[in-house]
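**Q** Give me the fold of what follows.
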Amino acid sequence: MDQVPITTHLPPIKPEHEVSLDTGGGAAANMSSSTADNGELRDVFDRIKTHFPPAKVKKIMQSDEDIGKVSQATPVIAGRSLEFFIALLVKKSGETARGQGTKRITAEILKKTILNDEKFDFLREGVCAEEDQAQEEEEEEESA
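**A** As a prediction, this is how the structure comes out:
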């Protein structure tokens, strides 16, 4: 029996297949479901041209000893989510850079974007921890 090669390139998911997260209550009620946000996400969605290979995503996921078997769809969904996240972060950082009159996204602009946009508030701990560590190192150098 001939084996059919498995490809990692998946056709793009069409925006009409999106599921609304606004259920009227709970944590989803805190999410903004305005037309502007939907347009923003669709714009980001349309610009994604690269994809994370599910095999590599699965390998990274399974590098954690707490993760056992992973279903076939899980790395695809995780990779796609990562694509959306990165595209949105780059778009917002680009807007921040343009607001400062530059065309280059630097680490400082990424920090400002993360600290100013509530969508990225889960990253603030990592950004602030790095700043705190850098300040502690500077203080140690000054006192020595």
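**Q** Tell me how many other residues crowd residue 98.
**A** The number of residues packed near residue 98 is 12, by other CB atoms under 10 Å. Glycine gets a C-beta too; all of them are placed from N, C-alpha and C.
**Q** per-residue pLDDT, it?
**A** Here the pLDDT value assigned to residue 98 is 94.
**Q** buried set for whichever strand or helix holds it?
**A** Assigned by DSSP states H and E, residue 98 belongs to helix 73-99. In terms of neighbour count (16 or more other CB atoms under 10 Å), helix 73-99 has its buried residues at 75-76, 78-80, 83, 87-89, 91-93, 96-97.
**Q** tilt between the following helix or strand past it and helix 73-99?
**A** The helix or strand immediately downstream of helix 73-99 is helix 107-116, counting by DSSP H and E. Interaxial angle, helix 107-116 versus helix 73-99 (axes from the mean of the first three to the mean of the last three CA atoms, to 10 degrees): 110 degrees.
**Q** Got the confidence number for residue 86?
**A** Reading off the model, residue 86 has pLDDT 88.
**Q** one step back: let me know the closest of the buried residues of helix 73-99 to residue 47.
**A** residue 87 (6.1 Å; CB to CB).
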